[in-house]
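Asker: Pasted the sequence and its predicted model underneath.
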Amino acid sequence: MSPITVVEGRRLSLTNLDKVLYPRTGTTKGELLHYYATTAGALLAHVHDRPVSFLRYPDGPGGQQFFTKNVPPGTPAWVKTTEVPGSTAKSRQQVLVRDVPTLMWAANLVVELHTPQWTAAAPRSADRLVFDLDPGVPATIVECCGVARWLRERLAADGLDVYAKTSGSKGLHILVPIEPTPSDDVTAYAKAIAVEAERTLPGHVVHRMTKALRPGKVFIDFSQNSASKTTAAPYTVRARELPTVSTPVSWDEIEACTDPEQLTFLFDAVAERRERHGDLLAPLLNLNRARPLPG
């Protein structure tokens with residue numbers, strides 16, 4: 001029988017804490033849970049009131065992985081959920097990760113956390129704009145940094161503040177706080193910017209997902225602005241060979257990047273970064289930073 005842990009008054013059964021999830025680093029499930037417990041303050045602020053989707057990988061990144069938006073079977077009654085409208089008349093319930101007990105319950109399932117660009121209070125009305133920069137081999141995150149700098153300047157010309165984090169995989173996520181705007185309109189704007197980037201940076205950028213177009217170039221994925229799409233949440237650990245984290249980064253770091261290792265952060269490096277830099281994405285949470293998209 002698994003031991004019971006009480007977290008802020010909620011009883012949790014945290015299981016298989018000695019199980020090695022990441023063989024290359026020997027990282028155990030217990031270490032993963034400790035990471036989430038110590039990172040909760042920053043992470044919860046970014047997923048608050050956003051319906052969470054889970055990429056589950058209970059046996060580590062080398063085992064079975066499956067993506068789910070629905071509330072998992074066996075979810076405790078105290079976990080908050082919200083009704084999310086579907087693309088048709090059908091709706092579904094999704095989890096809201098609002099507190100430390102819910103975060104630890106989710107982490108015990110061994111998951112990546114993914115959220116949409118809108119909140120439960122205003123479904124399909126985005127308050128964030130996102131670009132997912134994905135490098136095609138042999139391009140790396142170094143090439144993504146060059147594209148990110150162009151995007152920052154271009155978006156600033158439209159009066160927008162721009163922030164960044166690593167995807168925790170191969171590339172970068174560019175994030176912009178905006179005044180609530182219909183997701184379809186945000187997607188249209190993001191696509192126009194991606195098309196402009198491809199035209200301005202020929203040979204370096206593509207805006208279409210076609211794999212044959214992508215080797216050596218940076219794919220600007222604007223589709224995650226769609227109301228039905230999600231993006232890996234800040235500070236989530238990724239189901240990769242190494243326990244990498246989707247980590248906020250500064251523009252100075254992006255400017256200085258000449259090697260992918262400079263922007264690769266394992267879970268055990270995040271606490272020290274937060275002590276040194278604070279939460280580099282905190283401005284995303286400041287409503288005064290939100291700007292309207294240009295008409």
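Answerer: Received the coordinates, thanks.
Asker: Let me know the next secondary structure element after the lowest-mean-pLDDT helix or strand in the chain.
Answerer: Across the helices and strands of the chain, mean pLDDT, DSSP states H and E gives its lowest value to strand 4-7, namely a mean of 89. Using DSSP states H and E, the helix or strand that follows strand 4-7 towards the C-terminus is strand 10-13.
Asker: Give me the residues contacting the least confident helix or strand of the chain.
Answerer: Identification of contacts with strand 4-7 by CB atoms under 8 Å, 6 or more residues apart in numbering yields 11-14, 100-101, 104. To be clear about C-beta, it is placed using only N, CA and C from the backbone, and glycine gets the same treatment.
Asker: Convert the C-alpha atoms of it to CSV, please.
Answerer: Written as CSV, here are the backbone C-alpha positions of strand 4-7 (Å, rounded to 0.1, in the frame of the first residue of the first chain):
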residue,chain,number,x,y,z
ILE,A,4,-0.3,8.8,2.3
THR,A,5,1.1,12.3,2.1
VAL,A,6,-0.9,15.3,3.3
VAL,A,7,-0.3,18.4,1.1
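Asker: in it, what counts as buried?
Answerer: residue 7 (16 or more other CB atoms under 10 Å).
Asker: Report the strands that pair with that strand, each with its relative direction.
Answerer: Strand pairing for strand 4-7, using DSSP bridges, gives strand 10-13 (antiparallel).
Asker: Can you name the next helix or strand after the partner strand?
Answerer: Going down the chain from strand 10-13, the next helix or strand is strand 20-22, by DSSP H and E.
Asker: so what does the very next helix or strand once past that following strand touch, helix or strand wise?
Answerer: As assigned by DSSP H and E, the chain's next helix or strand after strand 20-22 is strand 27-28. For strand 27-28, the elements it packs on are strand 20-22, judged by 3 or more CB pairs under 8 Å, 6 or more residues apart in numbering; DSSP states H and E.
Asker: The strand it packs on pairs with which strands, and in what direction?
Answerer: For strand 20-22, using DSSP bridges, the partner strands are strand 27-28 (antiparallel).
Asker: Outside of the partner strand itself, list whatever touches it.
Answerer: 17-21, 243, 267.
Asker: which is the next helix or strand following that strand?
Answerer: Next along from strand 27-28, by DSSP H and E: helix 29-47.
Asker: ok, and what's touching whichever helix or strand comes after that following helix?
Answerer: Downstream of helix 29-47, the first helix or strand assigned by DSSP H and E is strand 51-56. Strand 51-56 is contacted from outside by 65-69, 72, 82, 84, 94-97, 106, 109-116, 120, 230, 233, 239, using CB under 8 Å, 6+ apart.
Asker: for strand 51-56, the distance to its chain's centre please.
Answerer: Here the centre of strand 51-56 is set off from its chain's centre by 11 Å, with CA atoms, centre = their mean, to the nearest Å.
Asker: Filter the contacts of strand 4-7 down to the buried ones, ChimeraX style.
Answerer: Buried residues among those (16+ other CB under 10 Å), as a ChimeraX selection:
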select :12,14,100,101,104
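Asker: picking that back up, the least confident helix or strand of the chain: how far from the chain's middle?
Answerer: Per CA atoms, centre = their mean, the centroid offset for strand 4-7 relative to its chain is 28 Å.
Asker: Low-confidence ranges, the protein, go.
Answerer: 1-2, 87-89 (pLDDT under 70).
Asker: could you pull out the helices for it?
Answerer: 29-47, 100-108, 141-157, 183-200, 251-256, 270-277 (DSSP state H).
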